[in-house]
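Trainee: Model the following, please.
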Amino acid sequence: METLLYRFPTSGVETWIWLPPLVMFLIASATSMGGVTGAFVLLPFNMSVLGYTSPGVSATNFVYNIVAIPLGVYRHIRDGHLAWGLFAVLVVGTLPGVFLGYWLRVTFLPDPASFKPFVGLVLAYLAIRVVQGALGDRRDARGGVARQQGRANARITGGRFSLREVSIQCEDETHRCPTAPVFFLSLVVGVVGGAYGIGGGAVMAPFCIAVMRLPPHVVAGSSLLSTWVTSVLGALLYAFVPLGGAGSTSPDWLLGLLFGLGGMAGVYLGARIQGRVPARAVKIILGAALTFIALRYLVPPLLALVT
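Mentor: Residues are numbered from 1 along each chain as shown. Below is the predicted model of the structure:
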């Protein structure tokens, strides 16, 4: 086993060469069913398990997304599960915010002691929204209320995008959401994602599912593709824009590649089995992971304050 240990020169991380792809394969297999690559779990893993805490850890998350996402997006396109109108709203809103998020990360949050509570707050908000959505599904099921969640395997056959609303046609059903709230939240999410290194999908996918009431199979492909586009921009910013020192912000390309290879297989598997998993189960998986990691980062500083 010692011969499989490797020290990554950029990040200084030393670990077994097989661990990064295995970890992200397991994580991405579950999270990608909700349109999330698993990068929101990767950053805490890097910080708490591997000890990678410099701003470059956010950039490495982006590299992971760049490698992991394309195969899953291809699968969603092949299955007819990509809503191009929703993708347009997400990416146009998210891209400008990535610039500001990068500046905030390297200027105000380079210290892990400051960055970890920020991570915990972001994840706590996501956990609340996803759990609310899952509980809402349960109440409606008990009350016999019909919900327009659609068939999990329904192909997207068309749609329309305007300044007023996005409509998505899924065979014999039409799903709608207003454009303005999705756009403006995408802008805010771009800021958070630029600082965290998640590209925005981990925030926007739960929002679209839990708040906009769109089915996971409608959201997942658009969320993944918009996350890939914003991750390309984020990685380039951290690698080549001279803020905070090149050494502290540059991604660890090799480590990100290894995580990405495992994530690629996991995202593809998640996209393939998504239609066989109930929407509420996807929400429970996301909510459990978000809650665990949020508590991991918020409880210690709170205990320090009271003691």
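Trainee: how many neighbours does the closest residue in space to Ser226 that isn't next to it in sequence have?
Mentor: Closest residue to Ser226 apart from its sequence neighbours, by C-beta to C-beta, 6 or more residues apart in numbering: Leu90 at 3.9 Å. (Glycine included, C-beta is placed from N, CA and C.) If you count neighbours by other C-beta atoms under 10 Å, Leu90 ends up with 31.
Trainee: do the one 3 residues further on as well
Mentor: Applying the criterion other C-beta under 10 Å, we find 23 residues in the vicinity of Gly93.
Trainee: I figured it was touching Phe184, is that so?
Mentor: Yes. Gly93 lies in contact with Phe184 (C-beta atoms under 8 Å); the separation is 6.9 Å.
Trainee: which SSE is Met212 in?
Mentor: For Met212, there is no helix or strand it lies in under DSSP states H and E.
Trainee: ok, it to Ala195 distance?
Mentor: 24 Å (C-beta to C-beta, to the nearest Å).
Trainee: quick one: low-confidence parts of the stretch 51-200 of the chain?
Mentor: Counting by pLDDT under 70, the ranges of the stretch 51-200 of the chain that qualify are 133, 136-153.
Trainee: What segments of it are strands?
Mentor: Remark: strands assigned in the stretch 51-200 of the chain by DSSP state E, counting those that start in this stretch are 156-161, 165-170, 173-178.
Trainee: So in the chain, which helix runs the longest?
Mentor: helix 112-143 (DSSP state H).
Trainee: Pull the distance from that helix to the chain's centre.
Mentor: Centroid separation for helix 112-143 versus its chain: 14 Å, with C-alpha atoms, centre = their mean, to the nearest Å.
Trainee: same check, this time on stretch 179-196
Mentor: On C-alpha atoms, centre = their mean, the centre of stretch 179-196 falls 12 Å from that of its chain.
Trainee: Run through the helices of the protein in chain order.
Mentor: Residue ranges of the helices in the chain, as given by DSSP H, are 19-31, 39-44, 56-78, 84-108, 112-143, 179-196, 201-210, 216-240, 246-249, 253-273, 279-306.
Trainee: so which of those helices comes closest to Tyr6?
Mentor: For those, proximity to Tyr6 was assessed by C-beta to C-beta; helix 253-273 is nearest, at 8.8 Å.
Trainee: Can you report how many residues lie near Phe45?
Mentor: By other C-beta under 10 Å, 19 other residues sit near Phe45.
Trainee: Excluding sequence neighbours, find me the nearest residue to it.
Mentor: The spatially closest residue to Phe45, leaving aside those adjacent along the chain, is Val23, at 6.4 Å (C-beta to C-beta, 6+ apart).
Trainee: quick one: that neighbour from Ala220, how far?
Mentor: 21 Å.
Trainee: Of the two, which one has the most company?
Mentor: Ala220 (32 against 23).
Trainee: isn't the more buried one right next to Thr31, touching?
Mentor: No. Ala220 is beyond contact range of Thr31, at 10.2 Å (criterion: C-beta under 8 Å).
Trainee: Comparing the strands of the stretch 51-200 of the chain, which stretch has the densest surroundings?
Mentor: Among those, strand 165-170 has the highest mean neighbour count (mean count of other C-beta atoms under 10 Å), at a mean of 20.
Trainee: Need the contact partners of that strand.
Mentor: Contact with strand 165-170 is made by 83, 85-86, 89, 150-151, 154-161, 174-179, 182, 214-215, 218, as judged by C-beta atoms under 8 Å, 6 or more residues apart in numbering.
Trainee: so it versus strand 156-161, what angle?
Mentor: Interaxial angle of strand 165-170 relative to strand 156-161 (axes from the mean of the first three to the mean of the last three C-alpha atoms, to 10 degrees): 170 degrees.
Trainee: How far away from the center of its chain is strand 165-170?
Mentor: 23 Å.
Trainee: Pull the CA coordinates from that strand and hand them back as CSV.
Mentor: Output of strand 165-170 as CSV, limited to C-alpha atoms (Å, rounded to 0.1, in the frame of the first residue of the first chain):
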residue,chain,number,x,y,z
GLU,A,165,-41.1,32.4,-17.7
VAL,A,166,-39.4,29.1,-18.7
SER,A,167,-41.7,26.4,-20.0
ILE,A,168,-40.6,22.8,-20.4
GLN,A,169,-42.6,20.3,-22.3
CYS,A,170,-42.2,16.7,-21.2
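Trainee: tally of neighbours for the spatially closest residue to Pro117 that is not a sequence neighbour?
Mentor: Counting by C-beta to C-beta, 6+ apart, Pro117 lies nearest to Pro301, which is 5.3 Å off, once chain neighbours are set aside. Pro301 has 12 neighbours, counted by other C-beta under 10 Å.
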